[in-house]
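Student: Turn this into a structure:
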Amino acid sequence: MPRLANASYFQKGGSTSSDDCSSLETWLSKKDAGHIIEFITYYVAYERAKVSRYILSQNLEYLTSEISFSPSVSRQNIEIHKRREKQLLTLLEVVPDTDWDAPYLLHLCERCQFHQVCGLIHSNRCQYIAALDSYIKAVDESIHAFSFIHDMLQRLSETDSEAFQAAIFSRIGDLVKLDSNTEFLKLGGSVKDRVATKIIKEINAI
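Tutor: Numbers count the residues shown, from 1 in each chain. Below is the predicted model of the structure:
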């Protein structure tokens with residue numbers, strides 16, 4: 001573990017010595033290092049282990065690294081991307097906010113298009129409209145945007161709820177494109193009626 005933690009592969013501009021790097025290269029391949037990081041992430045995410053903030057930062061950087069979005073990206077890479085985002089979400093649910101740098105992690109997640117993680121970070125920082133925009137971008141799992149809307153309309157104060165509803169109205173077109181099967185309306189009667197009605201009108205107008 002110490003040798004893994006000091007590896008230059010997991011740092012940008014780190015202070016690892018050349019001896020450390022050469023010994024690492026003969027002991028651990030890049031692929032093997034990735035497997036170990038994912039193993040550590042699993043144990044931390046399921047609260048079977050605790051790690052220092054330094055080791056945690058290396059885990060976060062690994063999970064957000066080397067993800068390709070070229071037109072020729074393989075299905076395998078897409079699955080890796082989805083798996084890593086799920087791993088990161090699970091990890092952040094159990095690790096205290098004080099143990100990681102939210103602005104820096106947000107930057108990493110925006111770069112690799114972890115939209116659900118971006119939504120979680122924005123929400124934790126009470127940036128609810130920015131969170132909504134992030135969830136709307138997660139087109140492969142549209143239910144998260146609608147679940148977030150539902151939760152916020154339940155939780156926010158009257159003043160904040162009105163501002164949030166206004167943000168929803170201005171994004172109705174995006175929400176309809178996100179899910180024309182009205183998943184939003186399946187969330188139950190507790191959803192504000194006028195928000196649901198507005199969505200229905202937009203869908204019928206298509």
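
Student: Going by C-alpha atoms from here, please, whenever you check contacts or count neighbours.
Tutor: Noted.

Student: Any stretches of this structure with poor pLDDT?
Tutor: 1-28, 67-73, 179-206 (pLDDT under 70).

Student: now do 90
Tutor: Within the chain, the set of residues satisfying pLDDT under 90 comprises 1-52, 54-55, 58, 65-81, 97, 139-143, 146-147, 149-151, 153-166, 168-206.

Student: Mind splitting it into its structural domains?
Tutor: Per the record, the chain has its domains at 1-125, 127-206, by automatic domain parsing.

Student: all helices for the protein, in order.
Tutor: 2-5, 18-27, 30-45, 53-63, 75-94, 102-111, 115-124, 128-137, 143-155, 158-169, 172-178, 193-204 (DSSP state H).

Student: what's the longest one packed up against?
Tutor: If contacts are counted by 3 or more C-alpha pairs under 8 Å, 6 or more residues apart in numbering; DSSP states H and E, helix 75-94 sits against helix 30-45, helix 53-63, helix 115-124.

Student: Repeat the analysis, applying 7 Å as the threshold.
Tutor: Counting contacts by 3 or more C-alpha pairs under 7 Å, 6 or more residues apart in numbering; DSSP states H and E, helix 75-94 packs against helix 30-45.

Student: re the thing from before, output the helices of the chain in JSON lines; the columns should cover mean neighbour count.
Tutor: Output for the helices of the chain, formatted as JSON lines (neighbours: other C-alpha atoms under 10 Å):
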{"stretch": "helix 2-5", "mean neighbour count": "13"}
{"stretch": "helix 18-27", "mean neighbour count": "12"}
{"stretch": "helix 30-45", "mean neighbour count": "16"}
{"stretch": "helix 53-63", "mean neighbour count": "19"}
{"stretch": "helix 75-94", "mean neighbour count": "16"}
{"stretch": "helix 102-111", "mean neighbour count": "16"}
{"stretch": "helix 115-124", "mean neighbour count": "22"}
{"stretch": "helix 128-137", "mean neighbour count": "22"}
{"stretch": "helix 143-155", "mean neighbour count": "18"}
{"stretch": "helix 158-169", "mean neighbour count": "15"}
{"stretch": "helix 172-178", "mean neighbour count": "17"}
{"stretch": "helix 193-204", "mean neighbour count": "14"}
